[in-house]
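**Student:** Everything below, folded, please.
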Amino acid sequence: MDSTSATGSLHVTPQEVLAFAEATGDRSPLHLDAEYARRTPFGQPVAHGLLCLLKVLTCGRVPQGRTLAALRSRFAAPVLPGQDYRCTARETVSDDGDVRVDFQVLDGDRTVIEGEATFTGGEVRLPGGAPPAPEPRPGPLWPL
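**Tutor:** Got it, this is the predicted structure:
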């Protein structure tokens, strides 16, 4: 098994949170209403977990000729819009060619998000068919 490690950053803007809320219909006041969020344990609006996870996945590269086959994540703490976080990733290629990316988003030494994505060389079939896949981006897991 081959493995590669890399680091990068995650930053979510308030504008991205608003755009994500509009696109998904998730207009929870926890994400959009500063006065409401101030009364929560977080004290301020937090970014949508899925928005953060998608940004983490797009920071990396899609392994050439591979399709996302599995995704697991754990959200240990909120991501606050406007704050910078550090990301780490380790890409491992198995003997059968599957690529596993283990990732972590950190606030200092504290884990905020962690998970793994598995990419397979086989085709993943969705009910009703799937839209064409975008061209994979060459390059390292994270911009260095």
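
**Student:** Does the helix or strand of the chain with the lowest mean pLDDT pack against any helices or strands, and if so which?
**Tutor:** Counting by mean pLDDT, DSSP states H and E, the chain has its least confident helix or strand at strand 2-11, which shows a mean of 86. With contacts taken as 3 or more C-beta pairs under 8 Å, 6 or more residues apart in numbering; DSSP states H and E, strand 2-11 sits against helix 49-59, strand 84-93. Heads up, the C-betas are built off the backbone N, CA and C, glycines and all.

**Student:** The first one - what's its average pLDDT?
**Tutor:** In other words, helix 49-59. Confidence over helix 49-59 (mean pLDDT, whole number) is 89.

**Student:** One more: stretch 20-36?
**Tutor:** On average, stretch 20-36 scores 96.

**Student:** one step back: looking at the helices and strands packed on strand 2-11, which is nearest to Ala117?
**Tutor:** Ranking those by their distance to Ala117 (criterion: C-beta to C-beta) puts helix 49-59 first, at 6.3 Å.

**Student:** Between strand 84-93 and the closest one, find me the angle.
**Tutor:** Interaxial angle of helix 49-59 relative to strand 84-93 (axes from the mean of the first three to the mean of the last three C-alpha atoms, to 10 degrees): 60 degrees.

**Student:** Now do helix 49-59 and strand 2-11, the angle between them.
**Tutor:** Interaxial angle of helix 49-59 relative to strand 2-11 (the same axes, to 10 degrees): 130 degrees.
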